[in-house]
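Visitor: Could you work out the structure for the sequence below:
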Amino acid sequence: MVEKFIGTWKMTTSENFDDYMKAIGVGFTTRQVGNRTKPNLIVTVDDQGIVCMKSQSAFKTTEIKFKLNEPFDETTADDRKTRTVVTLENGKLVQKQCWDGKETNIEREITDGKMVAKCIIGEVVAVRTYVKEA
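Guide: Now for the predicted structure:
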């Protein structure tokens with residue numbers, strides 16, 4: 001089911017991302033850069049079922065590789081060290097990150113040919129929308 005996420009996705013909009021970054025503990029300077037950055041997200045899957053999600057921008061490129069439902073260690077773009085697990089729930093790709101007693105979910109789903117990523121921590125929700133490029 002992860003196949004529908006495969007491709008290169010270009011960010012078109014980002015709503016409430018500054019509040020989300022504040023809620024997860026990102027400092028002022030990094031937030032300023034994060035708010036100006038519109039990364040591409042490249043999703044691939046190899047023949048072993050390993051999913052690769054690469055976020056590329058002029059500022060920074062990060063990449064995670066994982067199998068669904070298997071926890072792994074992640075270093076995020078803002079340098080948090082998290083224990084992460086990615087699952088497929090009701091057609092959504094859900095990335096759950098845990099660190100220092102905190103937890104955030106990034107829920108990605110395909111709606112009307114666009115990928116909508118909801119970044120959620122507590123009551124704070126940011127919505128980032130991507131269109132498929134290739």
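Visitor: I'd like to know how far the residue minimising distance to the centre of the chain sits from F28.
Guide: Central residue of the chain (Cα atoms, centre = their mean): I106, 5.7 Å from the mean position. From I106 across to F28, the span is 22 Å (Cβ to Cβ, to the nearest Å). All C-beta atoms are positioned from the backbone trio N, CA, C, and that covers glycine.
Visitor: same question, N16
Guide: The gap separating N16 from F28 is 17 Å, by Cβ to Cβ.
Visitor: Wait, a helix at D19?
Guide: Yes - under DSSP: H, G, I helix; E, B strand; the rest coil, D19 sits within a helix.
Visitor: Could you list everything the residue nearest to it when sequence neighbours are not counted pairs with in the sheet?
Guide: Nearest non-adjacent residue to D19, counting by Cβ to Cβ, 6 or more residues apart in numbering: V124, 5.4 Å away. Assessed by DSSP bridges, V124 has beta-bridge partners I121.
Visitor: per-residue pLDDT, V124?
Guide: Per-residue pLDDT puts V124 at 98.
Visitor: Where does the prediction get shaky in this structure?
Guide: Applying pLDDT under 70 to the chain flags residues 134.
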